[in-house]
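Novice: Kindly return the folded structure for what I paste below:
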Amino acid sequence: MEAPRSLYVHVPFCPQVCPYCDFHKMRRHEPLVAGYLERLEREAGALAARYPGPLDTVYLGGGTPSHLDDAELGRVLAALRAHWGGLGARETTLEADPGTFDATRAGGWRAAGITRLSIGLQSTQDHVLRFLGRSHRGAQALQSVRDARSAGLQVSVDVITAVPGQDARADLEAAASSGAQHVSVYTLTVEPHTPFAQRGVRIDDERAADDFDLAEAVLAAHGLRRYEVSNHARPGFESRHNLVYWRGDGWLALGPSAAGFEPRAPSDPAAVLAVRTRNPPIKTWLRGEAPERTPVDGPTLALELLMTGLRTREGVDLARLRERTGVDVPARFPRALSLARRHDLLVEDGALLRATPAGTRVLNAVLRPFFDEAAG
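Specialist: As a prediction, the model looks like this:
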């Protein structure tokens, strides 16, 4: 595994805590932000000493990174430049809430080296936004896309579907017509221990499946092709950083609860091909606690590459997977492959294994037999 050339930076601060969100996030207060920035600078130095880069992609996610003020965000970017010599040579993405910026601020981000904005649009319908606990309104969300585009930024927008009372087609049409070159569409899920779970919010599975198909039809009609289960883009505007995840390449992680995927350490057993890292939550992260390290062997990595690669339109290169992991998929998973082929859920094109449109709709069900066969 090559040294990682991608970096994820977690910024946990949010203007509000949405009732559906289970990410590591919190309201900001100044001493906590100050401590976060100081710790992040130290962590960046230690990480860059092991993996000096340069970096191809950087992704600042959260939380709401745009909730940092300009000086605070400037410190984050300065730390990356100081320790890696620059930001992402191919792409630097900032997640942003529509209520946190205008055209002037977007222009400042572009001048600071941000190339791509991922905007939490979620919906363009005010009653849906209120239900989702969002503070912005639909008109403001669409204006934020125009402001980002006028600043010269590439723009991705997030849309949530299967929301009670939502006109999903209207939201998808608005997102596709907004000027964004990339649209991520997520089905609303009710995670345990969130306010939605406590309120007993339920998702209509049939409605969710219909909205999944609707997203592909509406966005494709506007030139945005589904290239991953939840992601649609105009040609050439796919998320380079997220493709690193889906292809199983390495990336580094900064910030509380941030997860990374690194090469094996020299002290690791030979059977270990890579190591997954996860930083602790912010209280212990601020005290300097080391990340949790989980070794990944060949069979485990093979399953992970199948799980992420089949989410994408490009599929899984079985020859490359065998070279990386030592696992020959047809020989190791004959029953799972036979079952998927029999139901027209997976198809082989030379060395490439891809999910069919039917398989993409039920991908978890497609993958389950592979895990069952691995366990058996």
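Novice: Only C-alpha atoms from now on, for both contacts and neighbour counts.
Specialist: Will do.
Novice: what kind of secondary structure is G179 in?
Specialist: Following DSSP: H, G, I helix; E, B strand; the rest coil, we place G179 in the coil state.
Novice: which SS state does P369 fall under?
Specialist: Three-state call for P369 (three-state DSSP): helix.
Novice: That one - nearest residue in space that isn't next to it in sequence?
Specialist: Spatial nearest neighbour of P369, excluding adjacent residues (CA to CA, 6 or more residues apart in numbering): A336 at 5.2 Å.
Novice: For the one you found, give its distance to S230.
Specialist: A336 sits 24 Å away from S230 when distances are taken as CA to CA, to the nearest Å.
Novice: cool, and S239?
Specialist: From S239 to S230 the distance is 12 Å (CA to CA).
Novice: swap in W109?
Specialist: For W109, the distance to S230 (CA to CA) stands at 26 Å.
Novice: Next: Y36.
Specialist: 31 Å.
Novice: do I119 as well
Specialist: The span separating I119 from S230 equals 15 Å under the rule CA to CA.
Novice: The two: which has the busier surroundings?
Specialist: Set I119 next to S230 and count neighbours by other CA atoms under 10 Å: I119 wins out with 26 against 18.
Novice: residues in contact with the more buried one?
Specialist: 95-98, 145, 155-158 (CA atoms under 8 Å, 6 or more residues apart in numbering).
Novice: Distance to G288, pLDDT and secondary structure for those - can I get that in a markdown table?
Specialist: What follows is the contacts of I119, written out as a markdown table (distance: CA to CA, whole Å; pLDDT from 0 to 100; DSSP: H, G, I helix; E, B strand; the rest coil):
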| residue | distance to G288 | pLDDT | secondary structure |
| --- | --- | --- | --- |
| E95 | 26 | 97 | strand |
| A96 | 28 | 96 | strand |
| D97 | 29 | 94 | coil |
| P98 | 33 | 94 | helix |
| V145 | 38 | 98 | helix |
| V155 | 35 | 98 | strand |
| S156 | 34 | 98 | strand |
| V157 | 34 | 98 | strand |
| D158 | 33 | 97 | strand |
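Novice: mind giving me the domain ranges of the chain?
Specialist: As recorded under automatic domain parsing, the domains making up the chain are 6-243, 298-376.
Novice: re earlier: OK, contacts around the residue nearest to P369?
Specialist: So A336 contacts 369-370, 373 (CA under 8 Å, 6+ apart).
Novice: Just the closest of these to R287, please.
Specialist: Proximity of the contacts of A336 to R287 (CA to CA) peaks at F370, which lies at 40.6 Å.
Novice: Excluding chain neighbours, what is closest to that closest one?
Specialist: Nearest one to F370, counting by CA to CA, 6+ apart, is A336 at 5.4 Å.
Novice: and that neighbour, which of the three is it?
Specialist: On the basis of three-state DSSP, A336 is classed as helix.
Novice: likewise G260?
Specialist: strand.
Novice: burial measure for it, as a count.
Specialist: Number of residues near G260 (other CA under 10 Å) recorded here: 22.
Novice: Verify the stated contact: it with T277.
Specialist: Yes - assessed by CA atoms under 8 Å, G260 is found in contact with T277 at 4.9 Å.
Novice: Can you check which residues contact both of the two?
Specialist: Joint contacts of G260 and T277 (CA under 8 Å, 6+ apart) are A253.
Novice: need the strands for the stretch 201-350 of the chain, in chain order.
Specialist: Ranges of strands in the stretch 201-350 of the chain, per DSSP state E, counting those that start in this stretch, are 225-228, 231-233, 252-254, 259-263, 272-278, 292-297, 316-317, 346-349.
Novice: Could you export those to JSON lines, including columns for mean pLDDT and distance to D171?
Specialist: JSON lines is the format used below for these (pLDDT from 0 to 100; distance: least, CA to CA, whole Å):
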{"stretch": "strand 225-228", "mean pLDDT": "98", "distance to D171": "17"}
{"stretch": "strand 231-233", "mean pLDDT": "98", "distance to D171": "15"}
{"stretch": "strand 252-254", "mean pLDDT": "98", "distance to D171": "33"}
{"stretch": "strand 259-263", "mean pLDDT": "96", "distance to D171": "31"}
{"stretch": "strand 272-278", "mean pLDDT": "97", "distance to D171": "35"}
{"stretch": "strand 292-297", "mean pLDDT": "96", "distance to D171": "40"}
{"stretch": "strand 316-317", "mean pLDDT": "97", "distance to D171": "32"}
{"stretch": "strand 346-349", "mean pLDDT": "93", "distance to D171": "31"}
